[in-house]
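Undergrad: Following is a predicted model, sequence given first.
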Amino acid sequence: MSSTAAKRYFEDYPEGAVFEFGEIAVTEEEIIAFAKRYDPQPMHIDPAAAESGAFGGLIASGWHTAAMMMRLLADNFLSAASSIASPGIDELRWVRPVRPGDRLSLRVTVLEATRSRSKPDRGMIRGLIEVLNQDGETVMSLKPMNLVRCRPGG
């Protein structure tokens, strides 16, 4: 899509539109720091223990992956001019482990864009977010809902 996130309104998110952007680098230091604070499991905080674990090495917490996704989404997709709120997400899936050295990007597909009948100055966007690693593999997916203002005078 051609409009920048800062200037996007409901009309700029048509059904079927695909937005791709990123990237964010994943570091061992950030994986461990996040996990020590929020998800202190051995596969996230202890490289030695993680080596002999189910994933064969240190991996990011799924919640850390979600936080990195949110940063990319806020910087590149959501608009300060029109984003109102999100009433929730559906089908959050952690598909592949995220490891130190990975570079994550996003692909957001607009699945549904419905203007509100009761509040015609806004609409609901339902999407599919795919978090991709540097090899183009999906590491996480989710289906969020976003309330977005319509273009003024539109």
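TA: Cool, the structure landed. Numbering: from 1, shown residues only.

Undergrad: quick one: the helices in the chain?
TA: Ranges of helices within the chain are 28-38, 42-45, 47-51, 62-76, based on DSSP state H.

Undergrad: which one of the ones you listed is the most hemmed in?
TA: Sort the helices of the chain by mean neighbour count, taking mean count of other CB atoms under 10 Å, and helix 42-45 sits at the top with a mean of 20. All C-beta atoms are positioned from the backbone trio N, CA, C, and that covers glycine.

Undergrad: Which elements pack onto it?
TA: Using 3 or more CB pairs under 8 Å, 6 or more residues apart in numbering; DSSP states H and E as the contact criterion, the secondary-structure elements in contact with helix 42-45 are helix 28-38, helix 47-51.

Undergrad: how about those, which one is nearest Arg107?
TA: Comparing the helices and strands packed on helix 42-45 by their distance to Arg107 (CB to CB), the top pick is helix 28-38, with 22.5 Å.

Undergrad: lowest-confidence stretch among the helices and strands packed on helix 42-45?
TA: Averaged per stretch, pLDDT over those is lowest on helix 47-51, reaching a mean of 94.

Undergrad: That helix - contacts with which helices or strands?
TA: Helix 47-51 is packed against helix 42-45, with contacts defined by 3+ CB pairs under 8 Å, 6+ apart.

Undergrad: Pull the CA coordinates from the helix it packs on and hand them back as PDB.
TA: Output of helix 42-45 as PDB, limited to C-alpha atoms (Å, rounded to 0.1, in the frame of the first residue of the first chain):
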ATOM      1  CA  PRO A  42      15.300 -22.600  31.200                       C
ATOM      2  CA  MET A  43      14.900 -22.600  27.400                       C
ATOM      3  CA  HIS A  44      14.600 -18.800  27.500                       C
ATOM      4  CA  ILE A  45      17.100 -17.800  30.300                       C
END
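
Undergrad: any idea how far the residue sitting nearest the centre point of the chain is from Met145?
TA: Residue closest to the average C-alpha location in the chain (CA atoms, centre = their mean): Met69, at 3.2 Å. Distance from Met69 to Met145, counting by CB to CB, to the nearest Å: 15 Å.

Undergrad: Arg99 now?
TA: Per CB to CB, Arg99 is found 30 Å from Met145.

Undergrad: low pLDDT regions in this structure?
TA: Applying pLDDT under 70 to the chain flags residues 1-4, 154.
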